[in-house]
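Student: build me a structure from this.
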Amino acid sequence: MGVELKRPYMFEKGAFDLMERCMELAKMSKGVAVGALVAGPEGEIVSEGFNDRSSPFLHAEAIAIRRAQEKLGAEGFKGCTLFCTLEPCPMCAGAALLFKMGRIVFGAWDEEGGACGSVWDVPRQAPGGWKAEVVGGFRGAECSEILKESFKSMR
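Tutor: Purely as a prediction, here's the structure:
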């Protein structure tokens, strides 16, 4: 991708394991295999989600963000990180910004609808004050493989 991304910051706080959990969640998805979680400042899991095709609004990231908001309140996201197996869409990237998520870490790039550096770059280029750090492609090959398998089973 043509966007400079920072090195994943949370290796010392279990980023590898957090993305592993996202991949486990992705395999539970109802529809396209995407898993997401919100991690707190110390790397603890605050909330989790996976895709549910019963509604176009039930993306893994949106579910994880909503559950985190129920626990933390609207002002509790500044030190948190959204981990997800697929680059967030505009809706989910926008939700992460609205709740002032500190970082977004994702695995596979979405070259057709991604909003964190591939097609759009909502977290870093949206008008307004809040910007989020973005780390793309973290464990991307593994996340991409899960997506490919889910598409095969959906056909």
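
Student: right, and Cys22 touches Ala39 too?
Tutor: No - counting by CB atoms under 8 Å, Cys22 stays clear of Ala39, with 10.0 Å between them. Heads up, the C-betas are built off the backbone N, CA and C, glycines and all.

Student: find the residues that touch each one of these two.
Tutor: By CB atoms under 8 Å, 6 or more residues apart in numbering, Cys22 and Ala39 have these common neighbours: Phe83.

Student: so the spatially most central residue of the chain bridges to which residues?
Tutor: The centre of the chain sits closest to Cys84, judged by CA atoms, centre = their mean, with a distance of 3.1 Å. Going by DSSP bridges, Cys84 is paired in beta bridges with Ala36, Phe106.

Student: residues touching it, list them.
Tutor: 22, 34-37, 60-61, 64, 92, 104-107 are the contacts of Cys84 under CB under 8 Å, 6+ apart.

Student: list just the nearest of those to Gly136.
Tutor: The nearest member of these to Gly136, counting by CB to CB, is Phe106 at 5.7 Å.

Student: and the closest one, how many neighbours?
Tutor: By the criterion of other CB atoms under 10 Å, Phe106 has 31 neighbours.

Student: likewise Ile65?
Tutor: Ile65: 26 neighbours (other CB under 10 Å).

Student: and the one 5 residues further on, by the same measure?
Tutor: Here the count is done by other CB under 10 Å, and Glu70 has 10 residues near it.

Student: for it, what are its contacts?
Tutor: By CB under 8 Å, 6+ apart, the contact list for Glu70 reads Ser47.
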